[in-house]
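Participant: When you get a sec, could you give me coordinates for this:
(2 chains)
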Amino acid sequence: MLGRTLREVSAALKQGQVTPTELCQRCLSLIKKTKFLNAYITVSEEVALKQAEESEKRYKKGLSLGDLDGIPVAVKDNFSTAGIETTCASNMLKGYVPPYNATVVQKLLDQGALLMGKTNLDEFAMGSGSTDGIFGPVKNPWSYSKQYREKRKQKSHGENEDSDWLITGGSSGGSAAAVSAFTCFAALGSDTGGSTRNPAAHCGVVGLKPSYGLVSRHGLIPLVNSMDVPGTLTRCVDDAATVLGILAGHDPKDSTTIQDPVKPFTLPSLTDVSKLCIGIPKEYLTPALSSEVRSLWSKAANLFESEGAKVIEVSLPHTSYSIVCYHVLCTSEVASNMARFDGLEYGHRCDTDVSTEAMYAATRREGFNDVKL
Amino acid sequence: MATPMLRWCCPGRRWIFAGIGGGSRHGRGVPTGSTSSGKRGQSSVAQQPLITAQKPRKGEREWAAVVGLEIHAQIASNSKLFSGSQVDFAAPPNSLVSFFDASLPGTLPVLNRRCVEAAVMTGLALDCHINRKSLFDRKHYFYADLPAGYQITQQRLPIAVNGSLAYSVCVGQRWSQMVTRTVGVKQIQLEQDSGKSLHDNLRSQTLIDLNRAGVGLLEVVLEPDMSCGEEAAAAIRELQLILQALGTSQANMAEGQLRVDANISVHHPGEPLGVRTEVKNLNSARFLAKAIDYEIQRQISELENGGKILNETRSFDYKLGCTVPMRDKEGKQDYRFMPEPNLPPLLLYDSGSLPTGADPQQVIDIDQLREQLPELPRVTREKLVRQYGMRPEHSFALLNEVGLLEFFQNVMKETRAEPKKVTSWVLNTFLGFLKQQNLAVSESPVTPSALAELLDLLDRKAISSSAAKQVFEELWRSKGKTPAQMVAEKQLELMQDAEALELLCRSTLETHPQVVTDVKKGNPRAINKLIGLVRRATLGRADPTVIKEVLERQLSS
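Facilitator: The predicted structure follows:
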């Protein structure tokens, strides 16, 4: 049951094949079993069970809220969750319990989703490995797959098994691992420079970064305000569409969301690709690209072409400037967004009280980690 | 509390060089070095320096001062600039703080429509060009009362630019010598206010109240077109009146709704501008001119003694009456300005450019706001002068006190007395009593109706003017009785019986032959003695002018 897609499980719930409480308990038990993955920072067991109870009542009455009612989900720990600790994997926010829900979290809860917990990440979402948080790295579930274990046996010369594991990618590694390990059916990540897509690829799940402005950032603790987007991690593309349909839309609390109305949608089943024109950007065929990735890419392109789609080369000429621009914008906005962490109103505060400046300096030194860009 | 009256400008300030009357140097116009860009504003009188200075002593060169102002006015709105928490001056500490105001991570700014309208209205009233597109920026610095570590402001492209503010100052010794000056308005921008820090030195701690954090401010930057404290004070006063008339800010300096920083420098006329200092913490209308003049004098003294002026920030110490350097503002701050990524550009429309089908709640039409602008003080004053033949300086005085104009107009509605009489009574007697007891117009024990009734009695010559003053004083002290009742009680009615008066005069003349002789001898003061005698005889109920008339007639016959 836990290995099914979101839509399959949703159907099962509606048909009464499984109850939300059963589903919840199974997920909770699997979370405990897979604790070594370190995917979760906080497991909100009581909250989830209570939500399951309410979902069950709704299903009994035949009044389910929709596709997400009773579905276990996980949320990256840089989304504000009311009453549940939100740390961003940093000492700066250890013990910080927000008084409000992020808009996207609220939308999930309004649909009846069960919040299993807050997932691990790179500190403040800065990183691409999910290795730099204060709660330790997230381990890729595929580290424990048959294939990898066999590979390891061949290589190992009595090495400690514990130290040989694969990263999840990042920064939304916890969310990707949570979905990949079947502990939930969908998870929220955030994407600034690939932080949802990267771990999705590493963990073998579908990561979607919606277009900027489509999904509200209210409640997402920001890294780069002009690039951040809440992202989704799911086990298949249809699930991603389901979740996006619920999350997307204008939010008056976020002035950068588009005003146009958005409605939930289902993806059409694509059987005829003859009208598709697919572009392969030539600037991305760099020498540094690994041969495995290159061959997979070619495989996909060939697949489409053989089924009748048009596959052509295109150019994205500004690619070479993108990383430089990203770094300038990223460092500026990060410095700006981190300026609020001074221990005065919330979060970690040091013991020094000699002067404001001394307090700020000590708090920030103690709260922040080294940044590895 | 009554506001200070306009004082005459820059008496005897030696830095103002000769112009009117002095004639030793041909006026070069305003001694500012003309750093202001854009329009200079046309005043009704050619821009001339103020009063004639004492002629400079031998070997001394003259000085000219340049004063620019940055004014922060709190916008009168229900909620803050970017969040929904309320705006209230006297609320308990930290009771009006939303998540955004406290800089909780993940919160985002949402622009307040009323604040934008206030900025546009103020821009229109100051003849500014309203930018159809303006941008928001972050200005970073670390301070405990700035929770986010940055202030959202408009540095690159503010909402309004290139306007002008006309104000009036008294020149010369007499009140009636008023001239209009203009100062350029460089720009108006929207920005957030910070919280309040209260330093508790006893316990070595600082207490932070965030009620004010995030309140909308209009920053109005005035070009350095002013040359002394009085001009600056007059300009500020007029700006206050405009903001109050528009309703965009209550502009009460005592409550911190209007704060002024001054940029001051001195130089010799004809030479480049001097190094300027910034004087902050000018939060009192009374001390504004004083502080600026002090700083000008300080700079002059410093330079004349061979010293240098540092480009520093100073604050005005009210107790000592001088400017002092501010410690933590030494050196230039790098504010690391950055576009505010959470706010898209602010787009404003006019009736020609309004997008079709636009939700009226989501767009601002500048033309509509222009049509709805209330009457500006300048126009109100002009109307008073036209309608009542009032002297300009009186129109200023009427507008200078909260509620005074309304009081005046209410009296006018109910009395038949001449406007000149009413004006005089309101500005001299009524206002005099208010000031003496430090009351606001709203706290006056005398109502407009009561004063109107009193003036009617006077107009009908039912009482003398001294009797009227007596009644007024009585009205002020005790309530409940109308002027007519008081007049009857105290028997203050003017004697109407002409014959009785004639008899009294004649009998007085007969009983005081010595005084009569004095008068006939040509002693000018003797007649007053006679008048006094008659007055006493009439128990003060005869008009002294009438008595004099009768006596003179009787004496000459």
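
Participant: Stretch A:308-327 vs chain B: in contact?
Facilitator: No. Using CB under 8 Å from any CB of the partner chain, stretch A:308-327 never reaches chain B; the gap is at least 14.0 Å. In this view, the C-beta of every residue, glycine as well, is placed from N, C-alpha and C.

Participant: Can I get that stretch as PDB, trimmed to CA atoms?
Facilitator: What follows is stretch A:308-327 as a C-alpha-only set of coordinates in PDB (Å, rounded to 0.1, in the frame of the first residue of the first chain):
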ATOM      1  CA  GLY A 308       7.300  10.700 -34.000                       C
ATOM      2  CA  ALA A 309       8.200  13.800 -32.000                       C
ATOM      3  CA  LYS A 310      10.400  16.500 -33.500                       C
ATOM      4  CA  VAL A 311      13.700  16.800 -31.600                       C
ATOM      5  CA  ILE A 312      15.800  19.700 -32.500                       C
ATOM      6  CA  GLU A 313      18.800  21.500 -31.200                       C
ATOM      7  CA  VAL A 314      18.100  24.900 -29.600                       C
ATOM      8  CA  SER A 315      20.400  27.500 -28.000                       C
ATOM      9  CA  LEU A 316      20.100  29.100 -24.600                       C
ATOM     10  CA  PRO A 317      22.800  31.700 -25.200                       C
ATOM     11  CA  HIS A 318      22.900  33.200 -21.700                       C
ATOM     12  CA  THR A 319      23.700  29.900 -20.100                       C
ATOM     13  CA  SER A 320      27.300  30.800 -19.600                       C
ATOM     14  CA  TYR A 321      26.400  33.900 -17.600                       C
ATOM     15  CA  SER A 322      23.800  32.200 -15.500                       C
ATOM     16  CA  ILE A 323      26.000  30.900 -12.800                       C
ATOM     17  CA  VAL A 324      27.800  34.200 -12.300                       C
ATOM     18  CA  CYS A 325      24.500  36.100 -12.100                       C
ATOM     19  CA  TYR A 326      23.100  33.500  -9.800                       C
ATOM     20  CA  HIS A 327      26.000  33.900  -7.400                       C
END
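
Participant: Enumerate residues external to it that contact any of its residues.
Facilitator: With contact meaning CB atoms under 8 Å, 6 or more residues apart in numbering or on different chains, stretch A:308-327 is reached by A:193, A:227, A:272-274, A:276-284, A:301, A:304-305, A:373.

Participant: So for that stretch, mean pLDDT?
Facilitator: For stretch A:308-327, mean pLDDT is 94.

Participant: State the number of residues packed around residue 147.
Facilitator: Just so you know, I chose chain A. 8 (other CB atoms under 10 Å in any protein chain shown).

Participant: other chain: chain B
Facilitator: Residue B:147 has 25 nearby residues by other CB under 10 Å.

Participant: The nearest residue to it once chain neighbours are set aside: what's it in contact with?
Facilitator: In space, and not counting its chain neighbours, residue B:147 is closest to residue B:103: 3.6 Å by CB to CB, 6 or more residues apart in numbering or on different chains. Residue B:103 sits next to A:340, A:345, B:147, B:148, B:149 when contact means CB under 8 Å, 6+ apart.

Participant: thinking again about what came up before, which among the contacts of stretch A:308-327 count as buried?
Facilitator: A:193, A:227, A:273 (16 or more other CB atoms under 10 Å in any protein chain shown).

Participant: Does residue B:387 fall in a helix, a strand, or a coil region?
Facilitator: Classification of residue B:387 using DSSP: H, G, I helix; E, B strand; the rest coil returns helix.

Participant: In contact with it, which residues?
Facilitator: Residue B:387 sits next to residue B:419 when contact means CB under 8 Å, 6+ apart.

Participant: same thing but 10 Å
Facilitator: For residue B:387, the contact set (CB atoms under 10 Å, 6 or more residues apart in numbering or on different chains) comprises B:412, B:419.

Participant: what's the burial count for residue A:12?
Facilitator: Residue A:12 has 16 neighbouring residues, counting by other CB under 10 Å.

Participant: Contacts only, for it.
Facilitator: A:1, A:4, A:18, A:19, A:23, A:70.

Participant: element containing it?
Facilitator: Secondary structure assignment for residue A:12, by DSSP states H and E: helix A:6-15.

Participant: can you check residue B:519 too?
Facilitator: Short version, using DSSP H and E: residue B:519 is in helix B:513-521.

Participant: what helices or strands is that helix leaning on?
Facilitator: Packed against helix B:513-521 by the contact rule (3 or more CB pairs under 10 Å, 6 or more residues apart in numbering or on different chains; DSSP states H and E) you find helix B:498-511, helix B:526-537, helix B:544-556.

Participant: redo that, cut-off 8 Å
Facilitator: Other helices and strands packing on helix B:513-521, by 3 or more CB pairs under 8 Å, 6 or more residues apart in numbering or on different chains; DSSP states H and E, are helix B:526-537, helix B:544-556.

Participant: What mean pLDDT does the helix holding residue A:12 get?
Facilitator: Helix A:6-15 comes out with an average pLDDT of 92.

Participant: After it, which helix or strand is next? Please name it.
Facilitator: Toward the C-terminus from helix A:6-15 - assigned by DSSP H and E - lies helix A:20-33.

Participant: Of the contacts of residue B:103, which one scores lowest on pLDDT?
Facilitator: Ranked by pLDDT, the contacts of residue B:103 bottom out at residue A:345 (90).

Participant: give me every residue that touches that one.
Facilitator: B:102, B:103, B:104, B:147, B:210 are the contacts of residue A:345 under CB under 8 Å, 6+ apart.

Participant: and with 7 Å instead?
Facilitator: Neighbouring residues of residue A:345 by CB atoms under 7 Å, 6 or more residues apart in numbering or on different chains: B:102, B:103, B:147.

Participant: Can you tell me which residues in chain A are near chain B?
Facilitator: Residues of chain A lying near chain B by CB under 7 Å from any CB of the partner chain: A:80, A:98-100, A:102, A:217-221, A:225-226, A:252-256, A:332-333, A:336, A:339-340, A:342, A:344-346, A:356, A:360.

Participant: Could you export the contacts of residue B:103 as TSV, including secondary structure and distance to residue B:432?
Facilitator: Formatted as TSV, those follow (DSSP: H, G, I helix; E, B strand; the rest coil; distance: CB to CB, whole Å):
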residue	secondary structure	distance to residue B:432
A:340	helix	54
A:345	coil	52
B:147	coil	49
B:148	coil	51
B:149	coil	52
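
Participant: residue boundaries of the strands in the stretch 251-400 of chain B?
Facilitator: B:258-267, B:277-282, B:313-317, B:322-325, B:338-339, B:346-347 (DSSP state E, counting those that start in this stretch).

Participant: Just the CA trace of the longest one, in PDB.
Facilitator: Spelled out, it's strand B:258-267. Provided in PDB are the C-alpha atoms of strand B:258-267 (Å, rounded to 0.1, in the frame of the first residue of the first chain):
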ATOM      1  CA  LEU B 258       6.600  64.800  12.000                       C
ATOM      2  CA  ARG B 259      10.400  64.600  12.300                       C
ATOM      3  CA  VAL B 260      12.900  66.800  10.700                       C
ATOM      4  CA  ASP B 261      16.500  66.400   9.900                       C
ATOM      5  CA  ALA B 262      18.500  69.400   8.600                       C
ATOM      6  CA  ASN B 263      21.500  69.600   6.300                       C
ATOM      7  CA  ILE B 264      23.400  72.700   7.000                       C
ATOM      8  CA  SER B 265      26.500  74.300   5.500                       C
ATOM      9  CA  VAL B 266      28.000  77.800   5.300                       C
ATOM     10  CA  HIS B 267      30.200  79.400   2.700                       C
END
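
Participant: That strand pairs with which strands, parallel or anti?
Facilitator: strand B:64-74 (antiparallel), strand B:277-282 (antiparallel) (DSSP bridges).

Participant: So for that strand, mean pLDDT?
Facilitator: 94.

Participant: Kindly report the same for the fourth one.
Facilitator: Mean pLDDT, strand B:322-325: 88.

Participant: got it, and the fifth one?
Facilitator: Per-region confidence: strand B:338-339 scores 96 on mean pLDDT.

Participant: between the helix holding residue B:519 and helix B:544-556, how many degrees?
Facilitator: 80 degrees (axes from the mean of the first three to the mean of the last three CA atoms, to 10 degrees).

Participant: So which bits of helix B:513-521 are buried?
Facilitator: Buried, per 16+ other CB under 10 Å, within helix B:513-521: B:515, B:516, B:518, B:519.
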